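> Fold the following, please.
(chains A and B)
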Protein chains: 2
Amino acid sequence: MAEEKKQKGITVTKDEDFSEWYTQVVQKAELADIRFGIQGFIVHRPWGFMIIRKIYEYLEKEVENQGHVPYLFPVAIKEENLTKEAEHAGFTPEVFWVTEAGDKKMEERFALRPTGEAQIYPVYSLWFRSHNELPFKAYQSRHSVYRNEMTTRPFLRGREFLFFESHNVFMTHKEVLNQIEEDLGTCKKIIHDKIKIPFLYFKRPSWDKFKGADNTYTPDTLMPDGKRNQLASTHDLGKNFSKAYDIKVKGNDEKEHYVHQTCFGPGIWRIMAALIGIHGDNKGLIIPFDMAPIQIVIIPITFTKNKKDSDKVIKKCRDLKKKLKSLGYKVKFDDSEWTPGFKYNQWELKGVPLRIEVGPKEIKENSVSLAIRTEQGRKKVKTASLDKEIIRASKKLDKQIEERADEYFKNRTKNANSLDELKDLIKNHKGFIRVPFCSVEKDGEECAEVIKTETEGGNVCGTLYPKEDNIKPNQKCIVCGKKANHIVYIAKSY
Amino acid sequence: MAEEKKQKGITVTKDEDFSEWYTQVVQKAELADIRFGIQGFIVHRPWGFMIIRKIYEYLEKEVENQGHVPYLFPVAIKEENLTKEAEHAGFTPEVFWVTEAGDKKMEERFALRPTGEAQIYPVYSLWFRSHNELPFKAYQSRHSVYRNEMTTRPFLRGREFLFFESHNVFMTHKEVLNQIEEDLGTCKKIIHDKIKIPFLYFKRPSWDKFKGADNTYTPDTLMPDGKRNQLASTHDLGKNFSKAYDIKVKGNDEKEHYVHQTCFGPGIWRIMAALIGIHGDNKGLIIPFDMAPIQIVIIPITFTKNKKDSDKVIKKCRDLKKKLKSLGYKVKFDDSEWTPGFKYNQWELKGVPLRIEVGPKEIKENSVSLAIRTEQGRKKVKTASLDKEIIRASKKLDKQIEERADEYFKNRTKNANSLDELKDLIKNHKGFIRVPFCSVEKDGEECAEVIKTETEGGNVCGTLYPKEDNIKPNQKCIVCGKKANHIVYIAKSY
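Reported below is the predicted structural model:
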């Protein structure tokens, strides 16, 4: 690996070929290994896995603070449960089936879960009897789901991909609406405030809702190639599933009631893909300080001709590592055989937020050189004030990541007032295009299909949520010319 | 559920029918739900899952302190990889196969992993080139593995069960031996010192090693029915897998060397089963303080006839909850509609370590009543000294759990000097039986088979490790009568 590494910088710029840049970052920063040998099943390598684990930790902490309890369901789904809710049965064409055990055909095959509803809700029907047991808020995390996707891409689309899902049970629709607000708030707190990914909230058009839901709400971001990346979704399931799976409780009125349900799924992979794509630069990955598997790397500058100086440098590096670790930072002292320049490149590629360099000069001056991943060059810092400087630098890094991401996202929405204008814009504008549109109910689907065909893949993402864009009385749907009732957002999608 | 709960105490004692007691605790303490509908696939309910998560957290922290990095491999294994190591291919008869996707037969089926080696080691062959990259220490955690077991039991044997595995790569066998010491040390630190489960270390006889290993070492405990419960295992894989999967690196000598490997698997489920079985009592579960999902439950004693008193009680309970939470404890204020007595039983069944009761009397005296799960009765404690009393009580609980478990385990080993004596002892002695035995190599397997048949299931667990029991020169194997070279331990097993 060592020899290979030597030639392993990113060889394209993010602007000129985002797709190739992304592939190289995933591989060269050692986030995932796609050489597992089964399409769509990737190895989460330590560096990538530790970042993803942080995403999980944020989400777990947040939903538990909201009163969710964790549980874990099997990977399996009984065939009869998979198809009980009529719309949800739409997952069937893409599920994997376990049909054999050892050298025998099984009496009853089972599916690998494509998502949790059809495995969880039959059990919910056994758990609840009285309205006193509600609301019930629970989630499962750090598990995978399985869908036989045709095209696959690390962190964007897989046959196996990492999942997080909460499944809540309520007596009333009012609680459902509150839960959806809470879920969208979770996205803001974690995906934006912690992970620094900007997005817009949408309410999906009825033809693009989750299979079985009454309504679907999503935070969507844009990748640098202009494609929409759905980061999460929260669903108002109404009573569709409680009726299909017979989940009912005795109410205050002593009568049986089917329960209301919501489910929420932040896209762990999608958030990771956005982190890579939006924060990264031509040198590689950039990671918010708190998320980095290594936050500070210490690199010694030593010269073989002067052993005494080198010893001092090594000693100082070791002392610094010990001190910074004791302060709670994740620190690496890179005393490998490579040249300092090679090490800089490697750790920049991996997105380590801060780098400390110590050479004979720094020893003499009782200082260190401190470099921030988001800035050029380095700064001399007195060793005595290093604690403070690291706090300052880590805050600066996070601020720069957030500002750059917000700036990147800010001007990504344009308007089109005709199909031709849309077709023209979508060729070069890497972002959302806002258009007047007839209907987001079933009767608008035909116009959405026209847009998809005419734009070679443009999707109606939905209407802005919670506050839709204003529409003027005279605006017409860009496809059918009928009265426009909504401003919808168009983008190609992952 | 509420009505059901009312009748839900444990209806048998642990001594009179351990098997039924275990089943009831699993179900009534809401650890797992076996009504998922596919044999051997259980739902980990929140209470059980939170305890198990703590086991994972202990292990993850410990192995990361030792320098292991986390990663995650797919659930899938390519068929050709499953059978590459000749002995390891022995897993094939029990694997599940995914053969269909949607309504189509797949071109190439894949197996659900029965354990990680056959999926991880082909990728290791891509990762390492030079001895400089070794040692490499990594693990995966919180995933499941799949084996088509005939009989299944929650936390003891499943078709799907929770896994933890570290896979290490070394240049030398010396490092392998060090790693095995480290792994056994991990078992001591976590399984004994934290979770309070006593065990003996064994070196398995050659016919009962892990498929493909040179040697297997295990901490084994005993369940109250006398059956051995293997809590973990660490394997010296030698170069068996590196040769099969072509994992080699260039050494200092510029030549290619196959690497040495170890793997280590604490049995997450088995540890949970031991916690349930060994610590529990006739009232239900008992959980070490640090592991409890709720550490302190606060129960108000209110009387509807005196609203003013009740309000004071409720207020004090709320204040206590707030205060104890701020001190970092996991606290529940149970203000549900049930009677205090019913609540006591419920939380005892679930194993909550400490209970605080507050009634009008306690208000008057500015005190609370404090009960410890491992003790009868409760103690009046001044509210002002509650902090200190909780620390004292939690330590007392842990000490009692540990002492009781060690005491339980201490006298569980007896000696037999003939097959008849063994057959006689094994009927009633719920524990290990030590016997002189000819050989733990291949040539002893026949005698082990005789023991198994004659004792209706007694297994040769192996020899004590690291220090074998002394054997006298004149001792003979209890089966074949040849010179005994080892003292081995016999027990029936899960």
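> burial count for the closest residue in space to A:Phe36 that isn't next to it in sequence?
Nearest residue to A:Phe36 in three dimensions, chain neighbours excluded: A:Val43, at 5.4 Å (CB to CB, 6 or more residues apart in numbering or on different chains). Using the backbone N, CA and C atoms, a C-beta is placed for each residue, glycine as well. Neighbour count for A:Val43, taken as other CB atoms under 10 Å in any protein chain shown: 23.
> and A:Gln27, how many neighbours?
Residues near A:Gln27, counting by other CB under 10 Å: 17.
> Hmm, I typed the wrong one, I wanted A:Lys380.
Using other CB under 10 Å, A:Lys380 is surrounded by 12 other residues.
> Ramachandran angles for the closest residue in space to it that isn't next to it in sequence?
Nearest non-adjacent residue to A:Lys380, counting by CB to CB, 6+ apart: A:Ser367, 5.1 Å away. Dihedral pair for A:Ser367: phi -140, psi 180, per degrees, to the nearest 10.
> which residues touch the residue nearest to A:Phe36?
By CB atoms under 8 Å, 6 or more residues apart in numbering or on different chains, the residues touching A:Val43 are A:Ala32, A:Asp33, A:Arg35, A:Phe36, B:Tyr71, B:Leu72, B:Phe73, B:Pro74, B:Val123.
> Check what pLDDT A:Ile247 gets.
A:Ile247 is assigned 98 on the pLDDT scale.
> Tell me where the stretch 251-400 of chain A has helices.
A:268-274, A:307-326, A:340-349, A:360-365, A:386-410 (DSSP state H, counting those that start in this stretch).
> And the fourth one, what does it pack against?
Put plainly, it is helix A:360-365. helix A:307-326 (3 or more CB pairs under 8 Å, 6 or more residues apart in numbering or on different chains; DSSP states H and E).
> send the alpha carbons of the helix it packs on over as PDB?
Coordinates of each C-alpha in helix A:307-326 appear next as PDB, following Å, rounded to 0.1, in the frame of the first residue of the first chain:
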ATOM      1  CA  LYS A 307      20.400  13.700  15.500                       C
ATOM      2  CA  LYS A 308      20.300  15.900  18.600                       C
ATOM      3  CA  ASP A 309      17.900  18.400  17.000                       C
ATOM      4  CA  SER A 310      15.800  15.400  15.700                       C
ATOM      5  CA  ASP A 311      15.500  13.900  19.200                       C
ATOM      6  CA  LYS A 312      14.300  17.200  20.600                       C
ATOM      7  CA  VAL A 313      11.700  17.500  17.800                       C
ATOM      8  CA  ILE A 314      10.500  13.900  18.400                       C
ATOM      9  CA  LYS A 315      10.300  14.600  22.200                       C
ATOM     10  CA  LYS A 316       8.300  17.800  21.700                       C
ATOM     11  CA  CYS A 317       5.900  16.000  19.400                       C
ATOM     12  CA  ARG A 318       5.300  13.200  21.900                       C
ATOM     13  CA  ASP A 319       4.800  15.700  24.700                       C
ATOM     14  CA  LEU A 320       2.300  17.700  22.500                       C
ATOM     15  CA  LYS A 321       0.400  14.500  21.600                       C
ATOM     16  CA  LYS A 322       0.100  13.500  25.200                       C
ATOM     17  CA  LYS A 323      -1.000  17.000  26.300                       C
ATOM     18  CA  LEU A 324      -3.600  17.400  23.500                       C
ATOM     19  CA  LYS A 325      -5.000  13.900  24.200                       C
ATOM     20  CA  SER A 326      -5.400  14.800  27.800                       C
END
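> contacting residues around that helix?
A:296, A:298-304, A:331-333, A:335, A:356, A:358-360, A:362-363, A:368, A:383, A:386, A:390.
> From the residues you listed, list just the buried residues.
A:296, A:298-302, A:331, A:333, A:356, A:358-360, A:362-363, A:368, A:383, A:386, A:390 (16 or more other CB atoms under 10 Å in any protein chain shown).
> So which of those residues sit within strands?
A:Ile296, A:Ile298, A:Ile299, A:Pro300, A:Val331, A:Phe333, A:Ile356, A:Val358, A:Val368 (DSSP state E).
> how about A:Ser19, phi and psi?
Per degrees, to the nearest 10, the backbone of A:Ser19 is at phi -60, psi -50.
> ok so, going back, want to try CSV for the helices of the stretch 251-400 of chain A, with mean pLDDT and distance to B:Lys239 as columns?
Conversion of these to CSV gives the following (pLDDT from 0 to 100; distance: least, CB to CB, whole Å):
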stretch, mean pLDDT, distance to B:Lys239
helix A:268-274, 98, 36
helix A:307-326, 94, 35
helix A:340-349, 96, 31
helix A:360-365, 94, 45
helix A:386-410, 97, 45
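> Buried deepest among the ones you listed, which one?
Comparing those by mean neighbour count (mean count of other CB atoms under 10 Å in any protein chain shown), helix A:268-274 ranks first with a mean of 25.
> ok, residues contacting that one?
A:31, A:48, A:51-52, A:55-56, A:154-156, A:158, A:161-164, A:191, A:195, A:197, A:221, A:223, A:229-232, A:494.
> Also near chain B: which of these, exactly?
A:Leu162 (CB under 8 Å from any CB of the partner chain).
> Which among the contacts of helix A:268-274 count as buried?
Buried among those (16+ other CB under 10 Å): A:31, A:48, A:51-52, A:55-56, A:154-156, A:158, A:161-164, A:191, A:195, A:197, A:221, A:223, A:229-232.
> Just the ones in strands from those residues, please.
Among the buried ones among the contacts of helix A:268-274, the ones falling in strands (DSSP E) are A:Phe161, A:Leu162, A:Phe163, A:Phe164, A:Thr221, A:Asn229, A:Gln230, A:Ala232.
> In contact with the fourth one, which residues are there?
A:Phe164 is in contact with A:Tyr56, A:Leu59, A:Tyr139, A:Gln140, A:Ser141, A:Arg142, A:Gly265, A:Pro266, A:Ile268, counting by CB under 8 Å, 6+ apart.
> List the contacts of the first one.
What that stands for is A:Tyr56. A:Ser141, A:Arg142, A:Phe164, A:Ile268.
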